[in-house]
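> give the three-dimensional model of this entry:
(chains A and B)
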Amino acid sequence: MTALLSLRGLCQTYVSTPDAAERIANLVGAKYRETRVRAVDDVSFDIAAGEVLGLVGESGCGKSTLGRMVAGVEPPSAGTLAWDGVTLDAMTSAQRRAWQLQVQMIFQDPFASLNPRMRVEKIVGEAPVAHGLIRARDRRDYVADLLEKVGLSADVLTRFPHQFSGGQRQRVGIARALALKPRLIVCDEAISALDVSIQAQVLNLFEDLRAEFGFAYLFISHDLGAVAHIAERVAIMYLGRMVEIGTADEVFGDPRHPYTRALLAEAPRLDRRAQDYAPIKGEIPSPLAPPPGCTFHPRCPVALPACREIVPAIEAGPTGRRTACLRENGAAA
Amino acid sequence: MTAPILSVNGLTTVFETRIGTLTAVNDVSFTVGPGEVLGLVGESGSGKTITGFSILGLIDRPGAIRAGEIWLKGTDLRKLAPDALRRLRGDRIAMIFQDPMMTLNPVLRIDTQLIETILAHRDVSRGRAREMAEAALAQVGIPSPAERLRAYPHELSGGMRQRVVIAAALMLEPDLIVADEPTTALDVTIQSQILFEMQKLMAARQTALIWITHDLTVVAGLAHRVAVMYAGRIVETGPVDDVLDRPAHPYTHGLIHSIPSATARGQRLAPIRGMTPSLIHLPEGCAFAPRCGRADAACGTAPAATDIAPGRWLRCHHPLEAGA
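Residues are numbered from 1 along each chain as shown, chains lettered A, B, ... in the order given. Purely as a prediction, here's the structure:
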């Protein structure tokens, strides 16, 4: 079976070139260099049709950048991305357009992601008309129908975003994504800005819509509870690299990578009282100057001398789950 | 039983707006003892932050404290002159905000800011103040504190900045710290480091701590007692184990069952229907009634606070089986 989306060795490197002042300084002998950030480094995974993949990581780990590349918002700097078995380079312009329409994104901030000067009917209905999915005169009915699906009534059609609460705005954002009949929805921290009781409503909505339309989700979040709840498979990222991927049961039930273990041990949980915190030490290093070898080694409680030099490859275990850790993969024995 | 450090009785804070009076905090009462951590939990607009601001006397026009007493170790803070209250703030009571950049001045070095605070409250030499500041940074787990003292806030990571703010709050050994979502903006591993330090320091110093948050899971691991706020009122309070394991108020129950986790995979969450009400158009009676599955005609009158166990009370006409 061909995966819906397939990533192989995907990288994103941002380069900041010296600005005018720095170039002038360079003329008189200062040494300003371009700085490179490997925001996403060698990430490979597949998403099958209808599957929910959770992508977890702390700030700066590259999870949003990865989501943006998947959605075609920015092109990868290296590696291949294939949609429906066709790689980016091989796509015809029609295929490229189909990919871009079939992957839709829902953003974190429901205040920033809706145009404050557009009415809901236009926010949701603009793209399907522009892309010829529906005729302009059908727009009102089409949008009203979508709004009903996300739990809003049709009388909000003429409202502006500021007239909604945060949870309702997020529903408008979801309706906008649905309007293009996507096959994959990239949710980038889509519930993080919402109140707890509203988060649960939106999570339920995600599940209902998936049952109805059968699309896949790339569910990006730092909230382990939400990911454990909704995802079938889970990928953990740290400083641009994927450190572990497997089914949700595997990753949450039997984490193999020390970083995953630390995350799970430290995530606050309702059933954990008077917690005896035993935090892992140190801070997340700057992506501008990542540590050599395994990027987690300065904080890792079980690091080996070899971890300082060797970048662990992400290797498949017998069940198809993959871990990027020298200890796990036996290379250090 | 030891006397509480802070005792709040019937605190009511209102804001006069063009479209009417908004009661942000409505008849709120609680106490916090030495070394005790009270988790003040609520969703946005529940009044939890304004409760914290009211305790510190940080309510400005158009807001005003309309009623209530705020006793800090035998002093009613509401009766203090502004000048006396100002001397108390930062010395006997400290506040930690969500965004450390709200507290830190971006154009001054850390040492300037910490030493200034010490000199404002204590009659010590500048050199002694520097030693105190350095000790405070060391205490919250900042490596090489003498160097960090000379840094500007922008040179530090978010987690480090929040540690500096916590160090500033602890520096003069206050009786009470009010912390408003101090770890919400931080990553999980960093949050856990900070919770670890706070827990240790509060116990060692017998400081009273009010931890304001929307996150019940953080409260579960940190607090001794919890107070749940909804639309300006405390609707349920009690020891953390009792409230989280056997919630009696339908709102608390709903909040707990809204939290996703691995154990509920594939099952539907049971969210609270509807959304948080506007404080201006609050329904008569119980503010939660429109969203509550147990509401009936009786909920048209506001429920009084009813004790159900020692140290545990709630406001509800139809509580769930609890306490048992």
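
> ok, which stretches of the stretch 1-150 of chain B are strands?
B:6-17, B:20-32, B:37-41, B:63-72, B:75-76, B:93-96 (DSSP state E, counting those that start in this stretch).

> nope, the stretch 151-300 of chain B is what I meant
Going by DSSP E, counting those that start in this stretch, the stretch 151-300 of chain B shows strands at B:176-180, B:208-213, B:225-230, B:233-239.

> cool, and chain A?
A:5-16, A:35-47, A:52-56, A:78-83, A:86-87, A:103-106, A:184-188, A:216-221, A:233-238, A:241-247, A:315-316, A:322-323 (DSSP state E).

> what is the burial count for residue 200?
Picking chain A for this. When neighbours are counted by other C-beta atoms under 10 Å in any protein chain shown, residue A:200 registers 26. Heads up, the C-betas are built off the backbone N, CA and C, glycines and all.

> wait, chain B
14.

> from chain A, how far off is it?
9 Å (C-beta to the nearest C-beta, to the nearest Å).

> ok, that residue - contacts?
By C-beta atoms under 8 Å, 6 or more residues apart in numbering or on different chains, no residues touch residue B:200.

> distance of it from residue B:40?
21 Å (C-beta to C-beta, to the nearest Å).

> still on that earlier bit, and the strands of chain A, which one averages the lowest pLDDT?
Mean pLDDT is lowest for strand A:315-316 among the strands of chain A, at a mean of 78.

> neighbouring strands - and their directions - for that one?
strand A:322-323 (antiparallel) (DSSP bridges).

> now do the strand it pairs with: distance to the chain's middle.
19 Å (C-alpha atoms, centre = their mean, to the nearest Å).

> now stretch A:32-42
Here stretch A:32-42 is found 20 Å from its chain centre; the criterion is C-alpha atoms, centre = their mean.

> please save the CA atoms from it in CSV.
Provided in CSV are the C-alpha atoms of stretch A:32-42 (Å, rounded to 0.1, in the frame of the first residue of the first chain):
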residue,chain,number,x,y,z
TYR,A,32,30.6,38.0,10.6
ARG,A,33,29.6,34.7,9.1
GLU,A,34,26.3,33.4,8.0
THR,A,35,24.6,31.4,10.7
ARG,A,36,22.8,28.2,9.9
VAL,A,37,20.0,26.6,11.9
ARG,A,38,19.1,23.0,11.1
ALA,A,39,15.5,23.4,12.2
VAL,A,40,14.5,19.9,10.9
ASP,A,41,17.3,17.4,10.4
ASP,A,42,16.8,14.1,8.5
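
> identify the residues contacting that stretch?
A:9-18, A:22-23, A:25-26, A:62, A:65-66, A:69, A:76, A:79, A:240-241, A:287-288, A:290.

> same deal with stretch A:293-305?
Under C-beta under 8 Å, 6+ apart, the answer for stretch A:293-305 is A:238-241, A:243, A:257-259, A:262, A:280-282, A:285, A:291, A:306-312, A:324-327, A:332, B:189.

> could you do stretch B:64-84 as well?
Residues contacting stretch B:64-84 (C-beta under 8 Å, 6+ apart): B:3, B:5-16, B:27-29, B:54-55, B:57, B:59, B:85, B:88, B:92-93, B:175-176.

> filter those residues down to the buried ones, PyMOL style.
Buried subset of those, written as a PyMOL selection, criterion 16 or more other C-beta atoms under 10 Å in any protein chain shown:
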select buried, chain B and resi 5+6+7+8+11+12+13+14+15+27+28+29+54+55+57+59+85+88+92+93+175+176
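
> follow-up on the earlier one: out of the strands of the stretch 1-150 of chain B, flag the one nearest residue B:244.
strand B:37-41 (9.8 Å; C-beta to C-beta).

> on that earlier part again, got a markdown table for the strands of chain A, with mean neighbour count too?
Converted to a markdown table, the strands of chain A look like this (neighbours: other C-beta atoms under 10 Å in any protein chain shown):
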| stretch | mean neighbour count |
| --- | --- |
| strand A:5-16 | 17 |
| strand A:35-47 | 20 |
| strand A:52-56 | 26 |
| strand A:78-83 | 18 |
| strand A:86-87 | 14 |
| strand A:103-106 | 24 |
| strand A:184-188 | 25 |
| strand A:216-221 | 26 |
| strand A:233-238 | 25 |
| strand A:241-247 | 24 |
| strand A:315-316 | 13 |
| strand A:322-323 | 24 |
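
> pipe the ones you listed into a markdown table and attach distance to residue A:129 per row.
Converted to a markdown table, those look like this (distance: least, C-beta to C-beta, whole Å):
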| stretch | distance to residue A:129 |
| --- | --- |
| strand A:5-16 | 26 |
| strand A:35-47 | 28 |
| strand A:52-56 | 30 |
| strand A:78-83 | 24 |
| strand A:86-87 | 27 |
| strand A:103-106 | 16 |
| strand A:184-188 | 20 |
| strand A:216-221 | 25 |
| strand A:233-238 | 35 |
| strand A:241-247 | 38 |
| strand A:315-316 | 45 |
| strand A:322-323 | 43 |
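
> how about residue B:308, phi and psi?
phi -120, psi -10 (degrees, to the nearest 10).

> my error: substitute residue B:107 in the last question.
phi -100, psi 0.

> what confidence value was assigned to the residue nearest the centre of chain B?
In chain B, the centroid-proximal residue (C-alpha atoms, centre = their mean) is residue B:212; its distance is 2.6 Å. With respect to pLDDT, residue B:212 scores 95.

> on that earlier part again, which of the contacts of stretch A:293-305 are buried, as a ChimeraX select command?
Buried residues within the contacts of stretch A:293-305, by 16+ other C-beta under 10 Å, are selected in ChimeraX with:
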select /A:238,239,240,241,243,257,258,259,262,280,285,307,310,312,324,325,326,327 /B:189
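
> of the contacts of stretch A:293-305, which belong to helices?
A:258-259, A:262, A:326-327, B:189 (DSSP state H).

> now for the residues you listed, which pair is the farthest apart?
A:326 and B:189 (20.7 Å).

> so where's chain B uncertain?
Counting by pLDDT under 70, chain B shows low-confidence ranges at B:1, B:262, B:264, B:322-324.

> try it again at 80.
Where chain B drops to pLDDT under 80, the residues are B:1-2, B:185, B:262-267, B:275-276, B:278, B:280-281, B:283, B:321-324.

> outline the domain layout of it.
B:6-92+B:174-314, B:102-173 (automatic domain parsing).

> and the ones you listed, which is most packed in?
Among the domains of chain B, domain B:6-92+B:174-314 has the highest mean neighbour count (mean count of other C-beta atoms under 10 Å in any protein chain shown), at a mean of 19.

> to residue B:47, which of the strands of the stretch 151-300 of chain B lies closest?
Among those, strand B:225-230 sits nearest to residue B:47 (C-beta to C-beta), with 5.6 Å.

> any residue of stretch A:99-115 up close to chain B?
No - contact of stretch A:99-115 with chain B (C-beta under 8 Å from any C-beta of the partner chain) is absent, the minimum separation being 12.8 Å.

> restrict that stretch to CA atoms and write it as CSV.
Coordinates of each C-alpha in stretch A:99-115 appear next as CSV, following Å, rounded to 0.1, in the frame of the first residue of the first chain:
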residue,chain,number,x,y,z
TRP,A,99,-1.4,18.0,-2.8
GLN,A,100,-1.6,21.6,-1.6
LEU,A,101,-5.4,21.5,-1.5
GLN,A,102,-5.6,18.1,0.1
VAL,A,103,-3.3,19.0,3.0
GLN,A,104,-4.9,21.7,5.1
MET,A,105,-3.7,23.3,8.3
ILE,A,106,-5.3,24.4,11.5
PHE,A,107,-3.2,26.8,13.5
GLN,A,108,-2.6,27.4,17.2
ASP,A,109,-3.8,30.9,17.6
PRO,A,110,-7.4,31.3,16.6
PHE,A,111,-7.0,35.1,16.9
ALA,A,112,-4.2,35.4,14.4
SER,A,113,-5.2,32.9,11.9
LEU,A,114,-8.5,34.4,10.8
ASN,A,115,-8.6,37.7,8.8
